[in-house]
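>>> Sequence first, then the predicted structure, then my questions.
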Amino acid sequence: MPHFFFHYTSEGQRYEDTIGSDFSSLEAAYIDTCRAALEMSVEKLKIRKDPKADAFEIAGADGTPLMDVPFGEVLVVGRPSFRAPKRRIDQAIQDAERKVQRSRVLRAELQANCARVRATLESIQRTLGR
């Protein structure tokens with residue numbers, strides 16, 4: 001099950017989530033984050049503080065930011081939209097493409113190393129067979 005971290009920003013302070021939680025998907029994490037934002041907003045309103053500037057950042061298990069959840073967006077009447085910021089999606093795609101390319105390079109290097117080891121072993125076997 002994917003692991004997510006929920007970093008909270010309020011009144012210019014950022015609070016890092018060092019424990020995180022498991023959710024079945026980013027969408028499930030987002031929905032739970034919206035619920036938490038609503039609950040926290042009620043508490044802030046009770047003490048006459050404006051929660052609209054507060055926000056959660058949902059990060060993946062590797063710490064990569066996946067999406068922002070501004071309280072102001074959650075507090076809008078109607079259903080909040082599930083969307084990851086386009087720039088983060090584009091960045092994630094670029095990161096994945098770089099990893100795929102790096103994997104291809106490493107695979108080719110590994111195949112070349114295996115071929116050299118096989119050649120060395122064959123040479124040793126021929127030498128021992130004499």
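That came through fine.
>>> only C-alpha atoms for contact and neighbour calcs from this point on.
Noted.
>>> ok, how many other residues are close to residue 20?
16 (other Cα atoms under 10 Å).
>>> which residue packs closest to it, ignoring adjacent ones?
Spatial nearest neighbour of residue 20, chain neighbours left out: residue 5 (4.2 Å); criterion: Cα to Cα, 6 or more residues apart in numbering.
>>> Do I have it right that residue 38 meets residue 74?
Yes: counting by Cα atoms under 8 Å, residue 38 does reach residue 74; the two are 7.1 Å apart.
>>> ok, residue 33 - how many residues close by?
Residue 33 has 20 nearby residues by other Cα under 10 Å.
>>> again with residue 30
23.
>>> So which other helices or strands are in contact with the longest helix seen in the chain?
In the chain, with assignment by DSSP state H, the single longest helix is helix 86-129. Where contact means 3 or more Cα pairs under 8 Å, 6 or more residues apart in numbering; DSSP states H and E, helix 86-129 is packed against strand 65-70.
>>> C-terminal to the strand it packs on, what's the next element?
Next helix or strand after strand 65-70 toward the C-terminus (DSSP states H and E): helix 71-74.
>>> Run the chain-centre distance for that following helix.
Put simply, helix 71-74 sits 21 Å off its chain's centre (Cα atoms, centre = their mean, to the nearest Å).
>>> Give me the buried positions along it.
Neighbour counts using 16 or more other Cα atoms under 10 Å place 71, 72, 73, 74 of helix 71-74 among the buried residues.
>>> residues contacting the first one?
Taking Cα atoms under 8 Å, 6 or more residues apart in numbering as the definition of contact, the neighbours of residue 71 are 34, 37, 38, 41, 51, 52, 53, 54, 55, 56.
>>> If we ignore the residues flanking it in sequence, what's nearest the first one?
Distances taken as Cα to Cα, 6+ apart put residue 74 closest to residue 34, at 6.2 Å, once the chain neighbours are dropped.
>>> and the residue nearest to residue 20, what pLDDT?
Per-residue pLDDT puts residue 5 at 96.
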